[in-house]
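Visitor: test case, fold it:
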Amino acid sequence: MALAKDLGRGHLVTEQRNRASMDIDTKSIRDCVEIIHAEDQRCVDAVTPVLDRVAEATAFVVEAFRSGGRLIYVGAGTSGRLGVLDASECPPTFGVEPTLVQGIIAGGYGALRMAVEGAEDHPEDGARDLEEMIEPPGIESRDVVMGIATGSTTPYVRGALAHAKAKGCKTIFFCCTHEEDVPNPENIDVLINPIVGPEVVTGSTRMKAGTATKLVLNMITTTAMIQMGKTYGNIMVDLRATNEKLVDRSIRIVRTLADVDRDAAEAALETADWRVKTALIMILADCSRDEAERFLGECDGFTRRAVERIRAQRDGATADPVNT
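Guide: Got it, this is the predicted structure:
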């Protein structure tokens, strides 16, 4: 990776003027919406060339999860908010502890609602917050730290990445600038840099750059959770029925995947203490709760793998089915 140019920010693609919106202030509401929509469509295509890097970064995250590590997002402004958002959605979606994926934002959590001016300008604050704001406090070498700075220069994020690298963590950096414009490449293990082009409103990276950020963060955590056995096919199964909505969802999941009626699904869930994975295995493999939970543990939480192993052993097979 080449060294960054020792220049101001004006040369960065995220700071350039967008030719398609030069005279947007003269346009009708409908025309404005159309211009923004046309530019937004570029975001998905911009991610395509960096998919290999997204996969490489996700492999680091899966390795961290399997070894007891965490994924920690670090950002300022919109980038920080999107990191906190993605982290906060993992527990209800995948049934994981809130500590598994965490987000920290320059200026603290008050900055989620209101801008904290100057909070992003101090690299030492990024290093400090990386140690103090996460739970439990203190990063470890088995953690993965992902810096998010769409313009690539945010000192807060750069300071956090330098600190994480020095602690032996795997580091990921997301930006929307060209590789040669990325500072301190020695602190980055994987660079993910979709080039979405200049923003409709110059420098407003909450727009296209923010959209690309959300796309990539969704890919990383969702793929990592799938690799950790949190889905059966494309259905989330690692959830507990803690309210009426989740009770209904749990019943529908078991009915759909096990092809049973509502009464049978509810009965299995009650026996399984409303653990969807356990109830599914009980029905699909025709086994007891204890047997379902034992095989689920032996199969690292993969529902499909547990069902296939129970069936294989019952049939006298020796092969260990591969998770699909």
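Visitor: three-state assignment of Gly147?
Guide: strand (DSSP: H, G, I helix; E, B strand; the rest coil).
Visitor: so what's the residue sitting nearest the centre point of the chain up against?
Guide: Nearest to the mean C-alpha position of the chain, by C-alpha atoms, centre = their mean, lies Thr221 at 3.1 Å. Each residue near Thr221 by C-beta atoms under 8 Å, 6 or more residues apart in numbering is listed here: 61, 71, 86, 90, 101. The C-beta positions use only the backbone N, C-alpha and C, and glycine is treated the same way.
Visitor: buried among these? Need that as a selection in ChimeraX.
Guide: In ChimeraX, this line selects whichever of those come out buried by 16 or more other C-beta atoms under 10 Å:
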select :61,71,86,90,101
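Visitor: min pLDDT across the contacts of Thr221, which one?
Guide: Note: of these, the lowest pLDDT belongs to Cys90, at 94.
Visitor: show me what contacts that residue?
Guide: So Cys90 contacts 96, 98, 100-101, 221, 225 (C-beta under 8 Å, 6+ apart).
Visitor: now intersect those residues with the helices, please.
Guide: Mapping the contacts of Cys90 onto helices (DSSP state H) picks out 221, 225.
Visitor: a markdown table for the contacts of Cys90, including distance to Gly8?
Guide: Below are those laid out as a markdown table (distance: C-beta to C-beta, whole Å):
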| residue | distance to Gly8 |
| --- | --- |
| Val96 | 42 |
| Pro98 | 39 |
| Leu100 | 39 |
| Val101 | 34 |
| Thr221 | 34 |
| Met225 | 40 |
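Visitor: hmm, which two among the contacts of Cys90 are most spread apart?
Guide: Farthest-apart pair in the contacts of Cys90 is Pro98 and Met225; separation 14.1 Å (C-beta to C-beta).
Visitor: and those two? which has more neighbours close in?
Guide: Met225 (23 against 12; other C-beta atoms under 10 Å).
Visitor: quick check, that one in contact with Asn234.
Guide: No. Under the criterion of C-beta atoms under 8 Å, Met225 is not in contact with Asn234, lying 11.9 Å apart.
Visitor: overlap in contacts of those two?
Guide: Contacts common to Met225 and Asn234, judged by C-beta under 8 Å, 6+ apart, are absent.
Visitor: would you map out the domains in this protein?
Guide: 9-227, 232-314 (automatic domain parsing).
Visitor: check which residues of stretch 207-218 are buried.
Guide: So for stretch 207-218, counting by 16+ other C-beta under 10 Å, buried means 207-213, 216-217.
Visitor: redo these as TSV? Include pLDDT, distance to Ala279 and secondary structure.
Guide: Converted to TSV, those look like this (pLDDT from 0 to 100; distance: C-beta to C-beta, whole Å; DSSP: H, G, I helix; E, B strand; the rest coil):
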residue	pLDDT	distance to Ala279	secondary structure
Met207	95	44	coil
Lys208	96	43	helix
Ala209	96	43	helix
Gly210	97	39	helix
Thr211	97	38	helix
Ala212	97	39	helix
Thr213	98	37	helix
Val216	98	34	helix
Leu217	98	31	helix
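Visitor: how about the strands in the stretch 101-250 of the chain?
Guide: All strands of the stretch 101-250 of the chain, identified by DSSP state E, counting those that start in this stretch, fall at 101-105, 144-148, 170-174, 190-192, 231-232, 235-236.
Visitor: how about those strands, which one is nearest Arg311?
Guide: strand 231-232 (15.1 Å).
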